[in-house]
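> Attaching a predicted model along with its sequence, questions to come.
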Amino acid sequence: MDVRRLGVLRELSERGSVGAVADAMRVTSSAVSQQLKVLEREAGVPLVEPAGRGVALTSAGRELARVATDLAVAIEHAEARWRTFVQQPAGDVTLTTFPTGGEMFLPGLLRRLEGAAVTLVCTDQDSALVDFADLTPDHDVVVADSATTSASWHDRGLRVVPLMTEPLDVALPEDHRLAGRATLSPRDVVGEDWIGVPTDLPFDRILEQIVASTGERVRVRHRFHDNSIVEAMVAAGHGLGILPRFTTRDHVNGLVTRPLVGIRASRQVSALLRPDLFERPSVRLVVQALREEARAVADSHGAV
C-alpha cells in the first residue's frame with residue numbers, strides 16, 4: 001500500500017469528512033475520493049461507507065488508519081535519526097597530499113580532530129607523477145600545490161578551498177658569498193649552479209622567472225623529487241636551490257634560506273574536493289580543521 005494514500009486515510013479519520021481532507025491537502029474532493037478507492041483496492045476490503053451526506057470509516061478503515069498513524073510516527077522517527085546522523089560529523093575521511101604538505105599539516109590536523117567521531121585516513125603522493133585533480137574521485141580531500149590556483153580545477157567542477165600562499169626561498173650554503181644578504185634578487189644569482197626539481201613543478205617555474213627577468217640561462221646541475229636531497233646537496237655546496245619556506249630546515253647542517261625579491265616566488269596550497277563530498281559533515285569538519293591548521297602554520301612563520 002502506498003504511504004501517501006495511507007496518509008489520506010489517516011487524515012479522514014482525524015478530520016471526519018472528504019471535504020475537510022481536501023481543504024487540508026489543497027486538492028479536490030474528487031481527488032481524495034479517488035485515492036481512497038485505490039487504497040480500498042490495495043487493502044482488499046471496504047474502508048469507508050456512506051454516512052449521511054458523507055462517508056465514515058469502516059472498522060477495517062479505522063484499524064488501517066491506526067496503522068497509518070503508527071507508520072507516520074515510524075517515518076518521522078527514522079527521518080529524525082537520519083537528520084541527526086547527517087548533521088553530526090562521523091565516519092572515515094580519506095585525505096591525500098604532497099609530501100611537504102603532509103609535513104606541514106598532518107601532525108597538527110590529527111591533533112585538531114582528536115575526540116571527533118571522524119577517522120582521518122592519510123596518504124601522500126609524488127607531485128611530479130600525478131595530476132592532483134585526478135585524485136579527487138578516489139579521495140575525499142586532496143591537498144595540492146600549484147604556482148597559482150589552477151583554472152583547470154574550477155573548469156572540472158571541483159570545489160577549491162584555498163589554504164595558504166607559501167613563499168619559495170633561495171637555499172644556499174651558510175658560507176656562500178651571498179649568505180650575508182637579507183634578500184636576493186634574480187640578478188644576484190646569475191651564474192650560479194642550481195639543484196633543481198622536475199620540470200613544470202612550482203619550484204622549477206621560479207627558475208624560469210629568473211631567466212625571464214635577467215635574460216640569462218640558469219645551469220641546473222641535478223634534479224630531485226625529494227626536497228631533503230636538495231637540502232643536502234645545497235648544504236654540501238653543489239649549487240643553490242628553490243625550497244619552500246615553512247618546511248626547509250634553515251640553519252641545519254649548514255643551510256640557509258633567503259627571500260627572493262623582484263619576482264613572484266610562492267606557491268598556492270589548496271584543498272580540492274568533488275562538490276558533492278563537500279556536503280558531508282565529516283568532510284566539512286576535516287576541511288575546516290585543515291584551514292585552521294594552515295593558518296596556524298603560516299602564523300608560526302610570520303606569514304601574512
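Ah, there it is. Numbering: from 1, shown residues only.
> domains for the chain, by residue range?
What automatic domain parsing lists as the domains of the chain is 3-87, 91-161+271-300, 166-266.
> can I get these in a markdown table with mean neighbour count and mean pLDDT?
(Each C-beta comes from the backbone N, C-alpha and C, glycine too.) Converted to a markdown table, the domains of the chain look like this (neighbours: other C-beta atoms under 10 Å; pLDDT from 0 to 100):
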| stretch | mean neighbour count | mean pLDDT |
| --- | --- | --- |
| domain 3-87 | 15 | 87 |
| domain 91-161+271-300 | 17 | 89 |
| domain 166-266 | 18 | 91 |
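> which residue of this protein sits farthest from its center?
G52 (63.7 Å; C-alpha atoms, centre = their mean).
> Put the alpha carbons of stretch 14-28 into CSV.
Taking C-alpha atoms only, stretch 14-28 is exported to CSV below (Å, rounded to 0.1, in the frame of the first residue of the first chain):
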residue,chain,number,x,y,z
GLU,A,14,-9.0,12.8,12.1
ARG,A,15,-10.9,15.4,10.1
GLY,A,16,-14.1,13.5,9.6
SER,A,17,-15.0,14.5,6.0
VAL,A,18,-13.6,14.2,2.5
GLY,A,19,-14.1,18.0,2.1
ALA,A,20,-12.0,18.8,5.2
VAL,A,21,-9.3,16.4,3.9
ALA,A,22,-9.3,18.0,0.5
ASP,A,23,-9.0,21.5,2.1
ALA,A,24,-6.1,20.5,4.3
MET,A,25,-4.2,18.8,1.4
ARG,A,26,-5.1,21.5,-1.1
VAL,A,27,-6.6,19.1,-3.6
THR,A,28,-10.2,18.5,-4.9
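> Contacts for that stretch, please.
Outside stretch 14-28, the residues that touch it by C-beta atoms under 8 Å, 6 or more residues apart in numbering are V8, E11, L12, S29, A31, V32, S33, L36, G54, V55.
> With adjacent residues omitted, what lies nearest to the second one?
Spatially, and ignoring its direct neighbours in sequence, E11 is nearest to V21 (4.5 Å; C-beta to C-beta, 6 or more residues apart in numbering).
> name the element that neighbour belongs to?
helix 18-25 (DSSP states H and E).
> Tell me the gap between the helix or strand just after that helix and the middle of its chain.
Next along the chain after helix 18-25, taking DSSP H and E as the criterion, comes helix 29-43. Taking C-alpha atoms, centre = their mean, to the nearest Å, one finds the center of helix 29-43 at 48 Å from the center of the full chain.
> what packs against helix 29-43?
Contacts defined by 3 or more C-beta pairs under 8 Å, 6 or more residues apart in numbering; DSSP states H and E place helix 29-43 against helix 3-15, helix 18-25.
> closest to E63 out of these?
helix 3-15 (10.2 Å; C-beta to C-beta).
> Could you check the angle that closest one makes with helix 18-25?
120 degrees (axes from the mean of the first three to the mean of the last three C-alpha atoms, to 10 degrees).
> quick one, helix 3-15 and helix 29-43 angle?
110 degrees.
> Name the nearest residue to P46, ignoring sequence neighbours.
In space, P46 is closest to T58, 5.2 Å off (C-beta to C-beta, 6+ apart).
> if I pick the one you found, what's in contact with it?
Counting by C-beta under 8 Å, 6+ apart, T58 has contacts V45, P46, L47, V48, E49.
> Tell me the bridge partners for S266.
For S266, the beta-bridge partners are P167 (DSSP bridges).
> how about it, what does it touch?
T165, E166, P167, L168.
> Look up how far L260 lies from it.
10 Å (C-beta to C-beta, to the nearest Å).
> shared neighbours, those two?
L168.
> quick one: which of the contacts of stretch 14-28 is nearest E63?
Nearest to E63 among these, with distances taken as C-beta to C-beta, is L12, at 13.6 Å.
> Alright, that wraps it up for me.
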